[in-house]
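Undergrad: Just the structure for this:
(one chain, ligands or ions: 1)
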Amino acid sequence: MPLCIYLNGRYFSTREEAQVTVFDHGLLYGDGVFEGIRAYHGRIFRCDDHLDRLYRSARGIDLQMPMERDELRQIVLETVRRTKLQEVYIRLVVSRGAGDLGIDPRKCAKPNLFIIADKIAVYPAEKYERGLRIITASTRRNRPDSLNSQIKSLNYLNNILGLQEAIRQGADEALMLNDSGYITEATADNVFVVRGEALLTSPAYLGLLEGITRGVVMDLGRRLGMKVEERPLVLQDAYGADEVFLTGTGAELVPVIDVDGRRIADGTPGPWYKRLLAEFRERTKWDGVPVQPEGEATASPRRPAPGPAAGIVS
Ligand code: PMP
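TA: Numbering: from 1, shown residues only. Model prediction:
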């Protein structure tokens with residue numbers, strides 16, 4: 001029984017049992033927020049960062065969370081525990097709840113909260129070995145002053161339109177530009193460019209989600225001695241890069257070997273990507289909240305001494 005679903009106070013083990021009404025405004029209007037989290041080796045990676053972001057997203061759309069953060073944290077742990085899996089993807093969703101057929105959120109008496117804990121594979125293993133081919137979408141990323149990209153909302157149409165362009169062109173993913181033509185992110189992942197020893201990614205104010213994996217990778221890059229910089233990236237930066245890769249909770253770190261039909265360097269995943277991925281894998285061994293109480297199934301592996309960089313506290 002690997003799948004476990006929590007829904008408004010109850011736990012389910014099949015997809016069919018866990019149901020919400022068709023009047024839910026998350027479904028009718030995309031009115032709600034979510035998080036995607038992963039557990040590795042029985043530890044929820046960056047659990048508190050994700051919970052913080054969820055509560056910030058909820059505040060961003062003026063959605064009253066149905067419970068305090070600590071209670072939700074316990075429920076997330078319990079949901080994962082019930083899967084009995086060590087490697088789990090956790091989808092946490094809070095929707096505005098059931099209302100009427102108008103958009104008015106005041107008609108929704110209480111939010112629906114559900115958590116799906118299950119296995120996930122965003123890309124086949126071969127893509128991590130060989131790399132992705134991506135294109136630039138003509139659909140521009142939402143302007144952050146109309147829909148703040150820091151709000152992880154249930155409304156992903158902007159990104160879906162971008163991904164559909166990639167699919168139509170036979171590509172794996174799409175880069176999304178903002179309305180000034182700067183690279184923001186891919187359709188559900190952040191974008192990194194490597195140039196020499198520099199690790200570059202666009203700053204959040206351009207209208208991208210400040211990914212939690214992005215933050216971890218920037219920290220790892222500094223520890224490896226890279227010069228990490230947030231800089232507004234344009235397409236030429238990607239075309240001329242030594243390496244390009246994407247990061248996200250679901251996709252993890254995935255290399256890109258082709259952008260708009262232009263081969264990146266020699267067309268194979270680069271050495272920095274490989275080193276960062278190896279460091280990332282190491283980090284997932286200790287950086288997380290144990291699903292079982294400490295000292296039982298998950299004796300803490302060695303946590304390395306703090307490096308020179310200001311590490312992100314989980
Ligand atoms: N950008 C977008 C639009 C996303 O949906 C995500 C999450 N999949 C990311 C970036 C990466 O964020 P994180 O590393 O926190 O998962």
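Undergrad: contacts, neighbours, all on C-alpha from now
TA: OK.
Undergrad: Looks to me like Glu16 is in a strand.
TA: No. Under DSSP: H, G, I helix; E, B strand; the rest coil, Glu16 sits outside any strand and is assigned coil.
Undergrad: how close does Ala125 sit to Glu230?
TA: Distance check for Ala125 against Glu230: by CA to CA, to the nearest Å, it reads 29 Å.
Undergrad: and the closest residue to Arg262 other than its chain neighbours, what does it touch?
TA: Nearest residue to Arg262, sequence neighbours excluded (CA to CA, 6 or more residues apart in numbering): Tyr239, at 6.5 Å. Neighbour list for Tyr239: 259, 262-264 [criterion: CA atoms under 8 Å, 6 or more residues apart in numbering].
Undergrad: Tyr40: neighbouring residues, count only.
TA: 22 (other CA atoms under 10 Å).
Undergrad: beta partners for it?
TA: Arg43 (DSSP bridges).
Undergrad: list the contacts for it?
TA: Residues near Tyr40 by CA under 8 Å, 6+ apart: 86-88, 284-285.
Undergrad: can you put these in TSV and add neighbour count?
TA: Shown next, in TSV, are these (neighbours: other CA atoms under 10 Å):
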residue	neighbour count
Gln86	18
Glu87	19
Val88	25
Thr284	18
Lys285	18
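Undergrad: which of those sit farthest apart?
TA: The two members of these with the most space between them (CA to CA) are Val88 and Lys285, at 13.6 Å.
Undergrad: Report the beta-bridge partner residues of the closest residue to Leu3 other than its chain neighbours.
TA: Counting by CA to CA, 6+ apart, Leu3 lies nearest to Asp118, which is 4.9 Å off, once chain neighbours are set aside. When bridges are called by DSSP bridges, Asp118 pairs up with Tyr89.
Undergrad: ok, Asp118 to the ligand distance?
TA: To the ligand, Asp118 is 16 Å away according to CA to the nearest ligand atom, to the nearest Å.
Undergrad: cool, Leu63 as well?
TA: 19 Å.
Undergrad: any idea whether that residue is helix, strand or coil?
TA: When the rule is three-state DSSP, Leu63 gets the label coil.
Undergrad: Confirm for me that it is in contact with Arg96.
TA: Yes. Between Leu63 and Arg96 there is a contact under CA atoms under 8 Å: 6.9 Å.
Undergrad: Between these two, tell me which one has more neighbours.
TA: Arg96 (29 against 20).
Undergrad: on that earlier part again, quick one: which of the contacts of Tyr239 is nearest the ligand?
TA: Proximity of the contacts of Tyr239 to the ligand was ranked by CA to the nearest ligand atom; the top entry is Val259 with 18.0 Å.
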